[in-house]
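[1] With the sequence up front, the predicted model follows.
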Amino acid sequence: MKPLRSLVVLAMVGGLVATVAIPAFAATAGAGVEEARTIQQMAVDDAQTFVAASDANATQLSRGSYAATTAEEIEKKKAEEAAAERARQVAKLAAASAKSLPVNIALTSPGTGEVRWPILNFTKGRGLWDSGYHQGVDLLSSCGTPIYAAAAGVVKVSQESYGGYGVGVSIDHVIGGQQVNTLYGHMTYGSRQVSVGQSVSAGQLIGLVGSTGSSTACHLHFEVHINGSVVDPWAWLQANAG
Ligand SMILES: [Zn+2]
């Protein structure tokens, strides 16, 4: 079982790298092409200006000094263009993160139990071991739905890129004298509300449902490990959450 799991994990990580790396490269290449085109166009504009200017000021302007000025102008325009592009990217990121953290989200789930449902509005998707290898349960919900800690504990993992889980959080708990670990995968980028080592209370907001990592639809992938072994998280929630 162990070598097989390692292979699957490697495949998941590989898939993640491909998913992340290809759009990133495409975006960079796209920006480069755009920039190159812009500079070429500016060069054409400057060349046209040069013809007109040299006709009018042939005696006052040496070819050398004019060429230097043109080069400076191109550099200046290039710098301005780059600064404008950076400003556009910053504005885009700010808009995206503002969108992922709506202000009207409850910071604590409404439950009262020692164990809580990690999300409140969902449809049950794949369960434990469905499709051959699936260590948890998929709770289908809209992207942006708040995710809450299933119990009080200490954050063990909180990463924007946690292998195939995408944006992932895992929390260590002691429940009924047992070492319990819960894991939350595919969260929205930039939505994590907890960091490693942080103590959380039951039902505390930890992030928002997304579709990051090895995921094709908005959902929470939820796992439960007790004393190091995977247990059926759906059965565990049904028996304990309230
Ligand atoms: Zn899943």
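    Good, I have the coordinates. It should be emphasised that the depicted structure is a prediction, and the values quoted were computed from it without experimental measurement.
[2] contacting residues for whichever residue of the chain sits closest to the ion?
    Per Cβ to the ion, His221 is where the chain lies closest to the ion, at 3.3 Å. Glycine gets a C-beta too; all of them are placed from N, C-alpha and C. Neighbouring residues of His221 by Cβ atoms under 8 Å, 6 or more residues apart in numbering: Gly136, Val137, Asp138, Tyr165, Leu183, Tyr184, Gly185, His186, Ser215.
[3] Show the low-confidence segments of this protein, by residue range.
    Judged by pLDDT under 70, the chain has its weakly predicted residues at 1-69, 89-103.
[4] That one against the ion: which residues are in contact?
    When proximity is defined as Cβ under 5 Å from the ion, the chain approaches the ion at Asp138, His221.
[5] What segments of the chain are strands?
    All strands of the chain, identified by DSSP state E, fall at 123-124, 137-140, 146-148, 153-159, 167-175, 178-187, 199-200, 205-208, 219-226, 229-231.
[6] packing partners for the fourth one?
    Yep, that's strand 153-159 we're talking about. In this structure, strand 153-159 makes packing contacts with strand 167-175, strand 178-187, strand 199-200, judged by 3 or more Cβ pairs under 8 Å, 6 or more residues apart in numbering; DSSP states H and E.
[7] now it and strand 167-175, what's the angle there?
    Angle of strand 153-159 versus strand 167-175, following axes from the mean of the first three to the mean of the last three Cα atoms, to 10 degrees, is 160 degrees.
[8] outside of strand 153-159, which residues touch it?
    So strand 153-159 is contacted by 167-174, 180-183, 192, 194-200, 206 (Cβ under 8 Å, 6+ apart).
[9] Stretch 129-139 too?
    5, 8, 118-119, 122-128, 183, 185, 219-224, 230, 232-234, 237.
[10] Could you tell me which of those count as buried?
    Neighbour-count burial (16 or more other Cβ atoms under 10 Å) is assigned, among the contacts of stretch 129-139, to 118-119, 122, 125, 128, 183, 185, 219-224, 233-234, 237.
[11] quick one: which of the residues you listed is nearest Pro110?
    Ile119 (12.0 Å; Cβ to Cβ).
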